[in-house]
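Visitor: Generate a structure from the sequence data that follows.
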Amino acid sequence: MVKFYNVKKRESVEVDESSCYKVVYKKETKKGVQERYAVRAKDDDGTNLTKFINKATFDSLSCPQQ
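Guide: Next up is the predicted model:
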């Protein structure tokens with residue numbers, strides 16, 4: 001289970017890892033390319049959920065990467 005904060009409901013929700021997916025956001029900066037790791041999912045009310053995580057947690061999750 002991955003814990004997200006749902007802004008519409010104003011509460012924390014848990015989503016099963018099987019319905020989540022991992023994303024790497026890349027941004028070009030002066031020093032090079034910055035990578036940010038995140039997990040995304042959709043709540044039962046249709047709200048898109050995003051949680052930024054560190055690389056170690058990113059690698060340990062069994063979600064598919066998009």
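Visitor: Give the residue farthest from the middle of this structure.
Guide: Lys30 (25.6 Å; Cα atoms, centre = their mean).
Visitor: Distance check, it against Lys55.
Guide: Distance of Lys30 to Lys55, given as Cβ to Cβ, to the nearest Å: 22 Å. In short, each C-beta sits where N, CA and C put it, glycine included.
Visitor: what's near enough to touch the most centrally placed residue in the chain?
Guide: The geometric centre of the chain, computed from its C-alpha atoms, lies nearest to Val39 (Cα atoms, centre = their mean), at 1.6 Å. Counting by Cβ atoms under 8 Å, 6 or more residues apart in numbering, Val39 touches Val2, Cys20, Tyr21, Lys22, Val23, Thr50, Lys51, Ile53, Phe58, Leu61, Cys63.
Visitor: Most neighbours among the residues you listed, please name it.
Guide: The residue in the contacts of Val39 with the most neighbours, by other Cβ atoms under 10 Å, is Cys20 (21 neighbours).
Visitor: Can you pull the phi/psi pair for that residue?
Guide: phi -100, psi 160 (degrees, to the nearest 10).
Visitor: Verify the stated contact: it with Asp43.
Guide: No. Counting by Cβ atoms under 8 Å, Cys20 stays clear of Asp43, with 11.2 Å between them.
Visitor: quick one: contacts of stretch 4-13?
Guide: Residues outside stretch 4-13 that contact it (Cβ under 8 Å, 6+ apart): Lys3, Glu14, Val15, Ala41, Asp43, Asp45, Thr47, Leu49, Thr50, Lys51.
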